[in-house]
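S.K.: Curious how this folds, go ahead:
(one chain, ligands or ions: 1)
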Amino acid sequence: MMISASMSSLTRSSLEEMLESLRRRDEEEKPKDLPPALPSRPPSRARLPPGRRSLPNNFKVDGENGVMGHRRKGSFGTKKVKLNVESPYEVKSEEIVSEQSSPRPVFTSNDASAECEAPPPTGELEDDNVVYFIKKKLHVWCRQPKGKWELGTIQSTSGEEASVSLSNGNVIKVARSELLPANPDILEGVEDLIQLSYLNEPSVLHNLQSRYSQDMIYSKSGPILIALNPFKDVQIYGDDYISAYRQKLMDRPHVYAMADAAYNEMMRDEANQSIIISGESGSGKTETAKIAMQYLAALGGGCSGIENEVLLTNFILEAFGNAKTSRNDNSSRFGKLIEIHFSTMGKICGAKIQTFLLEKSRVVQLALDERSYHIFYQLCAGSSSDLKERLNLRAASEYKYLNQSDCMTIDGVDDAKKFHRLMKALDVIRMCKEDQELVFKMLTAILWLGNISFQDTDNENHIEVVNDEAVTNAALLMGCSSHELMEALSTHKIQAGKDTITKTLTLRQAIDARDALAKFIYASLFGWLVEQVNKSLEVGKRRTGRSISILDIYGFESFQKNSFEQFCINYANERLQQHFNRHLFKLEQEDYELDGIDWTKVDFEDNQVCLDLFEKKPLGLLSLLDEESNFPRASDLTLANKFKQHLHANPCFKGERGRAFSVCHYAGEVLYDTSGFLEKNRDPLPSDSIQLLSSCSCELLQLFAKTLNQSQKQSNSLYGGSLDSQKQSVGTKFKGQLFKLMHQLETTTPHFIRCIKPNTKQQPGVYDEDLVLQQLKCCGVLEVVRISRAGYPTRMTHQEFSRRYGFLLSEANTSQDSLSISVAVLQQFNIPPEMYQVGFTKLYLRTGQIGALEDRRKHLLQGILGIQKSFRGYQARRHYHELKNGVTILQSFVRGEIARREYGVMVKSSMTISTENIKEIEAATTLQSG
Ligand SMILES: Nc1ncnc2c1ncn2[C@@H]1O[C@H](COP(=O)(O)OP(=O)(O)OP(=O)(O)O)[C@@H](O)[C@H]1O
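M.R.: The predicted structure is shown next:
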């Protein structure tokens, strides 16, 4: 963009003048007794971009990834960005984050003027600071031997040791490096972490804890909403709160506030939005997603009632996709993206659900104290005796797929009641009763399949199916004969020319075949249900270009034993983390640089190296896994060796002993065990089972088999263990889904919610500092605080800004130039210069500034509306009176005329009329005409 010289110099001088006067005022007002170590925002001068009047010559946009091409060496977009200054959180937690340790600006030739204002980076608690803390009896955080932080005051120091009086009265001696400054009491429990003077770990943890203890479960960390799971009902939801947030009567951090912001942005900018919710299992993602949906449904509800349907889909998805795990009684075992579409009037007009990677293995195998999918228990507990009879359904405890984990119920959960609610939800999405019964039939068939057992027929471990009620019932429900089912589960047919050779399976192969069939039916049923829900939600949907997508996806997982599921989940989290980084660090800072504003660079950990480890072809984890899955003789050990052989040079990979390997994820190192990787990646369904499904009379099973046949050509030799080249592996399919998801998210304006689990016991009021800290670190919250404190979260082009707020100017701006209009608005509303920066193309505002302007705008618009209302009312009333007067005159004229005529007739026709009568008539006539 070219800025006209005269205009820019004029504006610059006024800005600079204003800045100068502010500086002078600050100097005069500066208290003489300031704490020496208070960190401040990086120096910022509100002025026009220095020197440059047009975009840099090498300005270009990288077409492939949309990343700006103007970069400096060691800048963003390089792999792991070299830290300019050590992060107070990542590098040395004992460092005091002080004014002196704020990041040192990266200077370019253009902003050399900034150099003199850069504070030197230091890390240690300086002598000056200690003296100040002692003198003022200021609180410090003192690390206890077990790592816990306690509040205290420094009494004295001697060398590297300090004597600290703790809040419980004890006086202890600690190394000075174990001390960190605490925030003043006035900052206790601030809503946004960026308001904290000291951003060290104990301060952040203490602030969140202090809020949590008062049921203030939501806090902000710059643009991110932090949600601590209360594990109890907190009275901050419902209609009253919804209308308070709608009317902006409340502005405390809340999911409602975030959903409101997304909705308003969507309506204002006509841009799609996304709310990305992440966190570990049990942290509250699904609940948070539901709360956001509730708010959007209230905002976008209309007469169609589709918003209710959208909310009710949660019952269906939870029944079929959630289960009790050791970490969460209602854990979502799949990822989901709910896209809610809005009309141009802002009313919900449709929705679409996408699901990712359902945990199929749960159908057939359960860990102790965990349950299978809720629907199985709900069906057994809640179905009527008629339905039970038609399905040959027994109690849940009679099915091996359910009773193997010794956990049939969940405290406080009534499965029968949930089943009735589910049936209502199925009605609402207009699923006919026949289809509902088909679904229940399939579920019961799966349960009976699990009860099918095998017996040896020879010494070589070959088996046959035990022909009992399990087989009979399963076959009946599937719509095939018992014989066909037994054949499919105990033999494998190989085509050799024109001949068919039948091989009897071993016990292991038969169990795998049975379980693969059960898993396939369940996963297909889940997919089909999602399709039905989508069909129902599509009603009235028109592409309006306005949507809000809510992503609720499994968080980063690290257990003692990590398998293929964790491998996929953590890979997905790496991708999401990159999206997060791109928006909150990379794109933001690139934007600042390219627009030529003064900017103190904040560095972050780029996870591209780890993503390359997963995705690179041909030598990445996923490619190598696929390659090995294609080898008939491959084993989990050969897979691990292959990884070690090809990937040892990647800094994020570590070969471990035997079948293990480690990956350094952004959230920490995870040790994976390749046991079961190949089988889970191949996810085979024997061709005999596919044939069986195709021949079943049950339409759903036929449909599932057809869909499978269409999408994948099944290998003839699955028992050899190879993966047909045309069959997509689970890993590759998941990668494809993720790419599609990321592409979709890239077209939206993201809003991030990080859910935090305060304890592992799912108990209210328990705040485990280490657990919280680990999660805050994992999701980059602390880094975001740093960048947000320094950054400008609101930015608008000069044109947008002047169009939106220009009319607020008290005097008409004659120049009509959007830049000068914008600057004039900022001046008129006394926005302090340190609260904004003027870039080549955009205006950058610090947190909170746009809100103030929006308030003024709203206020003025309401005033204008008031005036318009009064004026129009006045006009309408005047018009009404004029009309009324006219009508009255007309009426009196007409009536007077009539009366006069009647009077004439009467005089003529009646000689008996008295003088009094005449007077009466005359009086009446006068009254009417008056
Ligand atoms: N805002 C909230 N208010 C009250 N309780 C909550 C809230 N958020 C979460 N919970 C409680 O925490 C439990 C776990 O939450 P949720 O199922 O949303 O976790 P999640 O992060 O989605 O877990 P997973 O990844 O395992 O699906 C809920 O069942 C509920 O009891």
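
S.K.: I'd assumed residue 875 was in a helix, is it?
M.R.: Yes - counting by DSSP: H, G, I helix; E, B strand; the rest coil, residue 875 is part of a helix.

S.K.: What is the neighbour count of it?
M.R.: Neighbours of residue 875 under the rule other Cβ atoms under 10 Å: 10. Bear in mind the C-beta positions are built from the backbone N, C-alpha and C, glycine included.

S.K.: tell me the pLDDT at it?
M.R.: Looking at residue 875, its pLDDT reads 93.

S.K.: What of residue 813?
M.R.: On the pLDDT scale, residue 813 is placed at 62.

S.K.: count of neighbours near the residue nearest to residue 398 when sequence neighbours are not counted?
M.R.: Nearest in space to residue 398, with sequence neighbours left out and distances taken as Cβ to Cβ, 6 or more residues apart in numbering, is residue 451 at 7.8 Å. Residue 451 has 19 neighbouring residues, counting by other Cβ under 10 Å.

S.K.: Residue 451 against residue 400, yeah?
M.R.: Yes - between residue 451 and residue 400 there is a contact under Cβ atoms under 8 Å: 5.4 Å.

S.K.: so what's the residue nearest to residue 398 up against?
M.R.: Residue 451 makes contact with 398-401, 470 under the criterion Cβ atoms under 8 Å, 6 or more residues apart in numbering.

S.K.: which residues touch residue 527?
M.R.: Contacts of residue 527 (Cβ under 8 Å, 6+ apart): residue 355.

S.K.: check which helix or strand covers it.
M.R.: Assigning secondary structure by DSSP states H and E places residue 527 in helix 507-537.

S.K.: Could you name the helices and strands sitting against the strand or helix carrying residue 286?
M.R.: Element membership of residue 286, judged by DSSP H and E, is helix 285-300. Packing partners of helix 285-300 (3 or more Cβ pairs under 8 Å, 6 or more residues apart in numbering; DSSP states H and E): helix 239-246, helix 255-269, strand 273-278, helix 306-321, strand 335-342, strand 348-356, strand 547-552, strand 749-756.

S.K.: which outside residues touch the helix or strand following the longest one?
M.R.: The helix or strand immediately downstream of helix 306-321 is strand 322-323, counting by DSSP H and E. Identification of contacts with strand 322-323 by Cβ under 8 Å, 6+ apart yields 286, 330-333, 362, 370-374.

S.K.: Identify the farthest-apart pair in those residues.
M.R.: 286 and 372 (18.1 Å; Cβ to Cβ).

S.K.: So for these two, which residue has more residues nearby?
M.R.: residue 372 (26 against 22).

S.K.: in the sheet, who's paired with the residue sitting nearest the centre point of the chain?
M.R.: Closest residue to the average C-alpha location of the chain: residue 276 at 1.5 Å, with Cα atoms, centre = their mean. Residue 276 has these beta-bridge partners by DSSP bridges: residue 551, residue 752.

S.K.: Excluding chain neighbours, what is closest to residue 805?
M.R.: residue 825 (4.7 Å).

S.K.: Now do the SS call for that neighbour.
M.R.: helix.

S.K.: Next: residue 220.
M.R.: Quick answer, by three-state DSSP: residue 220 is strand.

S.K.: so who does it touch?
M.R.: Contacts for residue 220 (Cβ under 8 Å, 6+ apart) come out as 191-194, 226, 253.

S.K.: For it, which non-adjacent residue is closest in space?
M.R.: residue 192 (4.0 Å).

S.K.: State which one residue of the stretch 551-700 of the chain is found closest to the ligand.
M.R.: At 5.3 Å from the ligand, residue 554 is the closest residue in the stretch 551-700 of the chain, using Cβ to the nearest ligand atom.

S.K.: how close does the nearest residue in space to that residue that is not next to it in sequence sit to residue 868?
M.R.: Distances taken as Cβ to Cβ, 6+ apart place residue 569 nearest to residue 554, at 4.8 Å, with adjacent residues excluded. Noted for residue 569: a distance of 56 Å to residue 868, by Cβ to Cβ, to the nearest Å.

S.K.: got the angle between the helix holding residue 286 and helix 255-269?
M.R.: Helix 285-300 and helix 255-269 are oriented at 50 degrees to each other (axes from the mean of the first three to the mean of the last three Cα atoms, to 10 degrees).

S.K.: where exactly do the helices run in the stretch 501-650 of the chain?
M.R.: 507-537, 564-581, 587-594, 608-615, 621-629, 636-647 (DSSP state H, counting those that start in this stretch).

S.K.: Give me the angle between the third one and helix 564-581.
M.R.: Taking the same axes, to 10 degrees, helix 587-594 and helix 564-581 form an angle of 30 degrees between their directions.

S.K.: tell me, how many neighbours does the nearest residue in space to residue 678 that is not next to it in sequence end up with?
M.R.: Spatial nearest neighbour of residue 678, chain neighbours left out: residue 629 (5.3 Å); criterion: Cβ to Cβ, 6+ apart. By other Cβ under 10 Å, 25 other residues sit near residue 629.

S.K.: for residue 469, same thing?
M.R.: Residue 469 has 12 neighbouring residues, counting by other Cβ under 10 Å.

S.K.: interface residues of the stretch 701-850 of the chain facing the ligand?
M.R.: Residues of the stretch 701-850 of the chain lying near the ligand by Cβ under 6 Å from any ligand atom: residue 755.
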